[in-house]
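A.B. asks: I need the structure of the sequence given here:
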Amino acid sequence: MMQQLKFAEIFSSRRKQLRMTQGEVAAYVGVSNAAVSKWEQGLSYPELTLLPRLATLMDLSIDALLGYNPQLTRKKINEHYAAFANRFRDETFDKVQVDIEKLLLEYYSCYPLLVQMSQLYLNYYTRASDQAAVLNRIAELSERVISHCDDYKLTHQARMIQAYVLLLTGKPQELLTFLGDKISIQYGEEFLIAKAHEMLGDQDKAKLVVQVSMYQYMIVMITSATESLALEAANREHFDETVNRIEQMLQLFQVEQLNPNLSLTFYFNAAAGYMKQQREADALRMLEQYYRACRSMKFPLQLRGDAYFYLIDEWIAQEIFLGAQAPRDEESIKQDIVNLLLHNPSFAPLQDDPAFQAIITNLKHVLKLKEDV
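C.D. replies: Reported below is the predicted structural model:
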């Protein structure tokens, strides 16, 4: 995993570019001509104490002289993320983690990498032999980003990951201390930004800002309503009205094509809520919707716009680090779609119901999963 230093190649090329002889270099740093010759042949390296003087002579940074770049490009980080996610499909978590940690050791100051590997761990930690240790590692990586990185977007992502770990480890009070428990007013500054672009004559930028804002508020609305279902399960009238309104919203904005996971999570939570109310027929209706949403899914899953949100693809590519790429491998996503129903205690009373069994069978068929999954 460790990248190979290219000192010999870079040093030789730079010396010739500057039209210096090996003897001149040797005299400047105080070594023999033979020593410089061995450096260029890759037979040895200069002593550590000589590197600053050599870098000054070559007018390069020490990293550049050694051919070492402590930062990975966004493209390279995404490639590593996808490769590790695919390996989790076929290999043990612990085996893949060894190589992730080697990469982190090499690029421990590449904060975008630390955030993405934290997210990767979060998506697969349940497969680890020691889940608590992995969650602790996620917290360590997030804390390093929060403490040392001056990029607001990265530190915000790290804070959200850190907060999620606090929930998973049963520390709600620490989460409230960490994030605060006040609900901020949304002032809608993006609308002012859009207006400013419009006044400057940039209609396209103004439309992009407004469209992205609409898209994000739509996601927040549906996510919040989905979360409210568990909280309002005892209030049947409010529960039913929430299901009714969000179903209309999902259909109106064709959310199943825009963000399939948003639809699946809503139908799943609605079904679980109906089971809590002992309304099995309504729960099965939601699970039918869950299956229908899966049937329309297109793999590989990608966040995308549509004919209405026709500008957001550009924003997704620029602002979401993984871009349209799904955060987990395709096989794991498919298996979890089925396992959520099979192993959730809420649906235990339905296990022998022919309608429920038909939904499971149809899900496995449409997702092309083996029958024993």
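A.B. asks: Pull up the distance across stretch 250-260, start to finish.
C.D. replies: Taking Cα to Cα, to the nearest Å, stretch 250-260 runs 10 Å from one end to the other.
A.B. asks: which residues touch that stretch?
C.D. replies: By Cβ atoms under 8 Å, 6 or more residues apart in numbering, the residues outside stretch 250-260 that reach it are 215, 218-219, 222, 249, 262-263, 266, 293-294, 296-297, 301, 303-306, 308-309. (Glycine included, C-beta is placed from N, CA and C.)
A.B. asks: Could you do stretch 175-189 as well?
C.D. replies: With Cβ under 8 Å, 6+ apart as the test, stretch 175-189 has contacts from 159, 162-163, 166-167, 213.
A.B. asks: Helices of the stretch 251-373 of the chain, residue ranges please.
C.D. replies: Taking DSSP state H, counting those that start in this stretch as the test, the helices found in the stretch 251-373 of the chain are 255-258, 260-276, 280-295, 312-319, 330-342, 354-366.
A.B. asks: Tell me which of the ones you listed sits most buried.
C.D. replies: Among the helices of the stretch 251-373 of the chain, helix 260-276 has the highest mean neighbour count (mean count of other Cβ atoms under 10 Å), at a mean of 23.
A.B. asks: now it and helix 280-295, what's the angle there?
C.D. replies: Interaxial angle, helix 260-276 versus helix 280-295 (axes from the mean of the first three to the mean of the last three Cα atoms, to 10 degrees): 170 degrees.
A.B. asks: Could you quantify the relative orientation of helix 260-276 and helix 330-342 as an angle?
C.D. replies: Using the same axes, to 10 degrees, helix 260-276 lies at 10 degrees relative to helix 330-342.
A.B. asks: and helix 260-276, average pLDDT?
C.D. replies: Taken as a whole, helix 260-276 carries a mean pLDDT of 96.
A.B. asks: With stretch 202-217 instead?
C.D. replies: Mean pLDDT, computed over stretch 202-217, is 94.
A.B. asks: and if you look at stretch 181-191?
C.D. replies: On average, stretch 181-191 scores 85.
A.B. asks: Pull the distance from it to the chain's centre.
C.D. replies: The chain centre lies 24 Å from the centre of stretch 181-191; the measure is Cα atoms, centre = their mean, to the nearest Å.
A.B. asks: And the helices of the stretch 251-373 of the chain: which comes nearest Glu198?
C.D. replies: helix 312-319 (17.6 Å; Cβ to Cβ).
A.B. asks: which helices and strands sit right next to that closest one?
C.D. replies: Using 3 or more Cβ pairs under 8 Å, 6 or more residues apart in numbering; DSSP states H and E as the contact test, the elements touching helix 312-319 are helix 203-231.
A.B. asks: Give the buried residues for the helix it packs on.
C.D. replies: Residues 205-206, 208-213, 215, 218, 222, 225-226, 228-229 are the ones in helix 203-231 that count as buried (16 or more other Cβ atoms under 10 Å).
A.B. asks: cool, and stretch 165-176?
C.D. replies: So, applying 16+ other Cβ under 10 Å, buried residues of stretch 165-176: 165-166, 169, 175.
A.B. asks: cool, and stretch 82-97?
C.D. replies: 84-88, 93, 96-97.
A.B. asks: Return the distance of it from the chain's centre.
C.D. replies: A distance of 16 Å separates the centroid of the chain from that of stretch 82-97, by Cα atoms, centre = their mean.
A.B. asks: Quick one: end-to-end distance for that stretch.
C.D. replies: 14 Å.
A.B. asks: what's the most distant pair in the contacts of stretch 175-189?
C.D. replies: Leu166 and Ser213 (29.2 Å).
A.B. asks: Having no further points to raise, I will conclude here.
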